[in-house]
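[1] just need the structure, nothing else, for what follows:
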Amino acid sequence: MLDDGVPYATIAREMGLKTSSVGRYALARKGQLAPMLDGEPTTANVIIRLVEAADHARDARRLAKATGSPVHQARMLKAETDVLTKLVEALGITDTSVSEYMEEAEQLMAAVKGMVHHDRQAGLALLNETYRIPELAPFARTLETLLGVRR
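    Just a heads-up that it's a prediction; the model follows:
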């Protein structure tokens, strides 16, 4: 109702609440959603940026290995290690968490494969959505293969 722009008083009346209670809830909710809506960093955004930083640090390390001095190579290795350490901490990665994540990913892929097999239209709809997200290109190619289509 809040998302639809219904006035607080109307919501309060329909839900049996005080208007001030609805207002406080709306403010609290706005506080939780504001970072996403206002473009402020969210946990997901920070993790994505850390992954990008790790990729750049890896590239710098590889370049230093090919063209730089041993001191420069050591600095780039430390920079990459520092970023990866932050990423591991941010993700809370432990040996078991990675294996659990991989197991869940495999189960999800099995479900997607079953859906595509049983409902071609749903599979095509999912494929169209994956085309909109460049990072899902490998997944899109897998879906294309499953569906027997080429873009």
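
[2] by mean pLDDT, which helix or strand of this structure comes out lowest?
    The weakest-scoring helix or strand in the chain, judged by mean pLDDT, DSSP states H and E, is helix 19-37 (a mean of 55).

[3] and after that one, which helix or strand comes next?
    helix 43-67 (DSSP states H and E).

[4] report the buried residues of that following helix.
    When burial is assessed from 16 or more other C-beta atoms under 10 Å, helix 43-67 yields the following buried residues: Leu50, Ala53, Ala54, Ala57, Arg58, Ala60, Arg61, Ala64. Every C-beta, even on glycine, is put in place using the N, C-alpha and C of the backbone.

[5] please name the residues that touch the fifth one.
    Listed by C-beta atoms under 8 Å, 6 or more residues apart in numbering, the contact set of Arg58 reads Glu80.

[6] distance check, it against Ile47.
    16 Å (C-beta to C-beta, to the nearest Å).

[7] can you check the second one too?
    Counting by C-beta to C-beta, the gap from Ala53 to Ile47 is 11 Å.
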